[in-house]
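# 3D, please:
(one chain, ligands or ions: 1)
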Amino acid sequence: MRSVEDILSLIGGADAAAQKCGIGTEAVRKWRQSRAIPPKHWPAIIAATGLTLADMPIGTTAPTLTEAESPMQADTQEQPPAGATAALVLGDGSVFWGIGFGARTSSVGEICFNTGMTGYQETLTDPSYAGQIITFTFPHIGNVGANPEDSESITPAARGLVVKLDITEPANYRATRHLDDWLKSYGIPGIAGIDTRALTLRIRDGGAPNGVLAFPADGKFDLAALRAQAAGWPGLEGMDLAKDVSCRQSYNWTEGLWSWGTGHDKAPARKHKVVAVDYGAKQNILRCLADAGCDVTVVPATATAEDILSHNPDGVFLSNGPGDPAATGTYAVPAIQGVLAAEKPVFGICLGHQLLALALGAKTYKLERGHRGANQPVQDMATGKVEITSQNHGFAVDDASLPEGVTVTHRSLFDGSNEGIAAVNKRAFSVQYHPEASPGPSDSHYLFHRFVEMIEKQKA
Ligand SMILES: NC(=O)CC[C@H](N)C(=O)O
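This is a model prediction of the structure:
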């Protein structure tokens, strides 16, 4: 990172800088005072100096955005500012200009934010992000590159990423690729130089907007068309995406958890037959099940109760996945009801939790703002203990709709929403958060053992 003074001298002084950025010298005085240059001016500075995003002075204290300074104001300009190569265009017409990376293409989806400080590769490959463009609030994205071991799926489902700083050269011994190169190979576009703090505040206050991330190969932006595309996207509500990201055929899972030195271990003795319904399963869930002694057969999202029961499972696992649970429920609910009627122990995570709730007769709804990050506190209602959890969901189970015999086992300490249920007279439970979090807190690993204990009791 360069200092403001350094940059001003490269440009030829405060007056030249003010002119290049189309602002007054008073504004440049503010840069000096705060020792930071607001991101909206970075493209012009980069164009004038040949520096990179990594050189931009971000300051040591978080800047307070006043109305006048808000990048949202400046970024509604119709022409790309000097140096801008990509744009994030929201359904309400606002435009954030920035610098593109990854694949030169454009994609449309819901713009959400994730507050995790680690695990961008796991996040980008979590199939539950299908249909979404992820804003990372943590600024150092790309610093550990990408590697073949940390993916949660074979093909990433996220539609794009929005970051503050340019992605740097990887600095980690496990890195085998630069994140930019990795993104290109999967056709995922990214945009840097965005004031992610301002964008996140906007999502927090106004809900997750739909938008287009455009990084056109020819450098041309048809804003009217991009605005129409963003506004015309139907949104995640009512959208079934699980069957798009699910496996097409059943298969057996054998890999265990990752450890230093040995990588992904082979799973220990497999004592219980578990069928995992793949609505977009994160692979570390399958590893956790295998590690807990389960012989896992993964079946497609559209598997019927008959298909599932034909494997003669000791227990059935319902995976996480993208989209609106109510939409996926049209085929998943009858299958889960059939499994419950056969009195098989059931464990669900995230979308699997929502689908179990629907199968038990409850309802789900879209959260005003989703939970996405690795530091989400959840209370276990039975013990009063607080778990720090990893989460990624935009829908939730409506407590008020839970039928008799279904209890709330966990609750979010952020907004009080439902984080877990158990069906008292059936061997079925589920959580909204991700106990397999990789990387992330491991407070909730006990849930995999709870599932195995449930299976053992049923077998005894
Ligand atoms: N991670 C998940 O399984 C997400 C579930 C669901 N698609 C939601 O957003 O709430």
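# count of residues packed around residue 252?
10 (other Cβ atoms under 10 Å). Any C-beta I mention is one placed from the backbone N, CA and C, and that applies to glycine too.
# residue 294 is in contact with that one, correct?
No - counting by Cβ atoms under 8 Å, residue 252 stays clear of residue 294, with 11.1 Å between them.
# roughly how far apart are residue 390 and residue 85?
33 Å (Cβ to Cβ, to the nearest Å).
# of the two, who's got more company?
Higher neighbour count among residue 390 and residue 85: residue 390, with 27 against 20, using other Cβ under 10 Å.
# so who does residue 180 touch?
101-102, 142, 167, 190 (Cβ atoms under 8 Å, 6 or more residues apart in numbering).
# just the residues you listed: which are in strands?
101-102, 190 (DSSP state E).
# mind giving me the packing neighbours of the longest strand along the chain?
If you go by DSSP E, the chain has its longest strand at strand 363-380. Judged by 3 or more Cβ pairs under 8 Å, 6 or more residues apart in numbering; DSSP states H and E, the packing partners of strand 363-380 are strand 106-114, helix 325-341, helix 351-359, strand 386-398, strand 406-412, strand 418-423.
# dump the C-alpha coordinates for stretch 243-262 into PDB.
Coordinates of each C-alpha in stretch 243-262 appear next as PDB, following Å, rounded to 0.1, in the frame of the first residue of the first chain:
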ATOM      1  CA  LYS A 243     -32.000 -30.200  -8.800                       C
ATOM      2  CA  ASP A 244     -29.600 -28.200 -11.000                       C
ATOM      3  CA  VAL A 245     -26.700 -28.600  -8.600                       C
ATOM      4  CA  SER A 246     -27.400 -32.100  -7.400                       C
ATOM      5  CA  CYS A 247     -25.600 -35.200  -8.600                       C
ATOM      6  CA  ARG A 248     -27.300 -36.900 -11.500                       C
ATOM      7  CA  GLN A 249     -26.700 -40.500 -10.200                       C
ATOM      8  CA  SER A 250     -26.100 -42.100  -6.900                       C
ATOM      9  CA  TYR A 251     -22.600 -42.800  -5.700                       C
ATOM     10  CA  ASN A 252     -20.700 -43.900  -2.600                       C
ATOM     11  CA  TRP A 253     -18.600 -41.400  -0.500                       C
ATOM     12  CA  THR A 254     -15.500 -42.600   1.200                       C
ATOM     13  CA  GLU A 255     -13.300 -39.600   1.900                       C
ATOM     14  CA  GLY A 256     -12.700 -38.500   5.600                       C
ATOM     15  CA  LEU A 257     -11.700 -35.200   7.100                       C
ATOM     16  CA  TRP A 258      -8.600 -33.200   6.200                       C
ATOM     17  CA  SER A 259      -5.600 -33.100   8.500                       C
ATOM     18  CA  TRP A 260      -2.200 -31.500   8.500                       C
ATOM     19  CA  GLY A 261       0.400 -33.600   6.800                       C
ATOM     20  CA  THR A 262      -1.900 -36.300   5.500                       C
END
